[in-house]
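Undergrad: predicted model and sequence below, questions to follow.
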Amino acid sequence: MTNQDLLQIAEEFGTPVYVYEAEKIAEQYEKLSSSFGEKARFFYAAKALTNINILKYVKQLGAGIDCVSIHEVNLGRRAGFEPEDILFTPNCVDLAEIEEAMALGVHINIDNISILEQFGNKYGDSYPVFIRINPHIFAGGNYKISTGHIDSKFGISIHQLRHIERLLQSTGVRVEGLHMHTGSEIKDVEVFLQGLDIMFEIAEHFPDLKYLDMGSGFKVPYTDDDLETDVRTLGAKVQRAMAEFEKSHGKSLELWFEPGKYLVSECGYFIVKSNVIKQTTATVFVGVNSGFNHLIRPMFYDAYHKIENLSNANGPERIYTVVGHICETDTFAWDRKLNEVREGDLLVFRNAGAYGFEMSSNFNSRLRPAEILWMEGKAHLIRRREVFDDLLRNQIEVL
Ligand SMILES: *Cc1c(COP(=O)(O)O)cnc(C)c1O
């Protein structure tokens, strides 16, 4: 979509506003689904962006859905996903939440020994499960978004394989899938292959195995010269490895992935308005009508989001520090070269589809933005901007 389209949306729906370009999601899905062969399936990691319209859209593309809470499972059902196309991958939930998901008939992924034991004692071989393995591979952009390392709370350690086996033997639990998700933003194709090798090595311990789930970690570019996971090369290598496994083990497995960011990061634009230009002794601040209450990734992960001035695209370049208007240090970007920003100009953050709106809050009693789906050249309002009454919803006035 063009800057003109974004400006028009801002005019019609106001700012701050999140915009998602549907065709970009389709393009990303196509890149993945054409790279890994027929035995690969893709389960959209819903937590990246859960608007019901986005869920319905990825379903239309042919994806399944990966859910981390019972409510995401229910959103998935509401969006029309069949139970067999839903994988429930929670972390540190109690058995009751897993039982709610079982009642819906979705795939269950178990990530700790305690729940495996409780589940086994109660249900034995009556409901096959996935097991989430922590392979202890250090992967991902930084420590905060890496989930497979030794200190991680995710998964059952590969070194506890013997314990898993004992529990399966004594309870009869059948394992239909092995799962591994080692982190986000893995650039290096070899990390995936290393993970796959570990899966192959332990596969023979699980006679009922049908699925290998490699999680996600597909990286998207954040700047013009940034890298992205080379899915073509990865796909070719993975298919070769799967074929070899099939030959040597006489067994054919489905390969699953759980892309979140890869599908929805680049489809997203977050448009804000410059409220104030403030020259200090140290820098020139642009204070915008948003903050980490709407887009927390720069402050939380040191994430880089490209920013552009939509209102003055040909203005002279100057250097700014872009901050929000909440009462907390909420710096989106230091020392960023932007076309001259004037008070009232509209700025856009790129890569705002994944973990943008999803991680927003009402901090400072600010309202959450509207969400727009741009599809076939038209803007559809898919979430109303919050209003003052939303702040009081669920509050009970006892004084
Ligand atoms: C968050 C998550 C994903 C998606 O990760 P991305 O980096 O957004 O692709 C996939 N699987 C699981 C289990 C997750 O928790």
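TA: Arrived safely.

Undergrad: who in the stretch 1-150 of the chain is up against the ligand?
TA: Residues of the stretch 1-150 of the chain lying near the ligand by Cβ under 6 Å from any ligand atom: Ala45, Lys47, Ala48, Asp66, Val68, Thr89. Where you see a C-beta, it was placed from the backbone N, CA and C, and this is true even at glycine.

Undergrad: centre of the chain to stretch 212-222, how far?
TA: Stretch 212-222 sits 9 Å away from the centroid of its parent chain (Cα atoms, centre = their mean, to the nearest Å).

Undergrad: on that earlier part again, okay, the residues of the stretch 1-150 of the chain next to the ligand in JSON lines with pLDDT, neighbour count and secondary structure next?
TA: Compiled in JSON lines, those are given as follows (pLDDT from 0 to 100; neighbours: other Cβ atoms under 10 Å; DSSP: H, G, I helix; E, B strand; the rest coil):
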{"residue": "Ala45", "pLDDT": "98", "neighbour count": "27", "secondary structure": "strand"}
{"residue": "Lys47", "pLDDT": "98", "neighbour count": "17", "secondary structure": "helix"}
{"residue": "Ala48", "pLDDT": "98", "neighbour count": "24", "secondary structure": "helix"}
{"residue": "Asp66", "pLDDT": "98", "neighbour count": "30", "secondary structure": "strand"}
{"residue": "Val68", "pLDDT": "98", "neighbour count": "17", "secondary structure": "coil"}
{"residue": "Thr89", "pLDDT": "97", "neighbour count": "25", "secondary structure": "coil"}
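
Undergrad: can you list phi and psi of whichever residue of the chain sits closest to the ligand for me?
TA: Going by Cβ to the nearest ligand atom, the ligand is nearest to Gly260 of the chain, at 2.5 Å. Gly260 adopts backbone torsions of phi -110, psi -80, taken as degrees, to the nearest 10.

Undergrad: was I right to think it contacts Thr50?
TA: No: counting by Cβ atoms under 8 Å, Thr50 is not a contact partner of Gly260; they are 10.5 Å apart.

Undergrad: more neighbours, these two?
TA: Gly260 (24 against 19; other Cβ atoms under 10 Å).

Undergrad: and the pLDDT for that one?
TA: If you check Gly260, the pLDDT there is 96.

Undergrad: also Phe300?
TA: 96.

Undergrad: quick one: the helices in the stretch 201-350 of the chain?
TA: For the stretch 201-350 of the chain, the helices defined by DSSP state H, counting those that start in this stretch cover 231-249, 261-264, 297-301.

Undergrad: residues near Arg350, how many?
TA: Residues near Arg350, counting by other Cβ under 10 Å: 18.

Undergrad: hang on, I meant Gly64
TA: 23.

Undergrad: helices and strands around the longest strand along the chain, which ones?
TA: If you go by DSSP state E, the chain has its longest strand at strand 268-279. Where contact means 3 or more Cβ pairs under 8 Å, 6 or more residues apart in numbering; DSSP states H and E, strand 268-279 is packed against helix 3-13, strand 17-21, strand 284-288, strand 346-349.

Undergrad: could you redo the last one with a cut-off of 10 Å?
TA: helix 3-13, strand 17-21, strand 284-288, strand 307-309, strand 317-323, strand 331-339, strand 346-349, strand 370-375 (3 or more Cβ pairs under 10 Å, 6 or more residues apart in numbering; DSSP states H and E).

Undergrad: would you check that Leu338 makes contact with Gly315?
TA: Yes: with contacts counted by Cβ atoms under 10 Å, Leu338 reaches Gly315, the gap being 8.5 Å.

Undergrad: more neighbours: these two, which one.
TA: Ranked by neighbour count (other Cβ under 10 Å), Leu338 and Gly315 place Leu338 first, with 20 against 14.

Undergrad: wasn't Phe43 part of a helix?
TA: No: using DSSP: H, G, I helix; E, B strand; the rest coil, the assignment for Phe43 is strand, not a helix.

Undergrad: related to what we said a few turns ago, can you put the residues of the stretch 1-150 of the chain next to the ligand in TSV and add distance to Phe300?
TA: Formatted as TSV, these follow (distance: Cβ to Cβ, whole Å):
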residue	distance to Phe300
Ala45	18
Lys47	15
Ala48	15
Asp66	22
Val68	17
Thr89	22
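
Undergrad: got the helices and strands packed on strand 268-279 as JSON lines, with mean pLDDT columns?
TA: Shown next, in JSON lines, are the helices and strands packed on strand 268-279 (pLDDT from 0 to 100):
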{"stretch": "helix 3-13", "mean pLDDT": "98"}
{"stretch": "strand 17-21", "mean pLDDT": "99"}
{"stretch": "strand 284-288", "mean pLDDT": "98"}
{"stretch": "strand 307-309", "mean pLDDT": "98"}
{"stretch": "strand 317-323", "mean pLDDT": "98"}
{"stretch": "strand 331-339", "mean pLDDT": "98"}
{"stretch": "strand 346-349", "mean pLDDT": "98"}
{"stretch": "strand 370-375", "mean pLDDT": "98"}
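
Undergrad: in JSON lines, list the ones you listed along with distance to Ser248.
TA: Listed next are the helices and strands packed on strand 268-279 as JSON lines, based on distance: least, Cβ to Cβ, whole Å:
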{"stretch": "helix 3-13", "distance to Ser248": "52"}
{"stretch": "strand 17-21", "distance to Ser248": "44"}
{"stretch": "strand 284-288", "distance to Ser248": "57"}
{"stretch": "strand 307-309", "distance to Ser248": "51"}
{"stretch": "strand 317-323", "distance to Ser248": "54"}
{"stretch": "strand 331-339", "distance to Ser248": "51"}
{"stretch": "strand 346-349", "distance to Ser248": "48"}
{"stretch": "strand 370-375", "distance to Ser248": "46"}
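
Undergrad: coming back round to it: so does the longest strand of the chain get close to the ligand?
TA: No: Strand 268-279 does not reach the ligand (Cβ under 6 Å from any ligand atom); its nearest approach is 12.5 Å.
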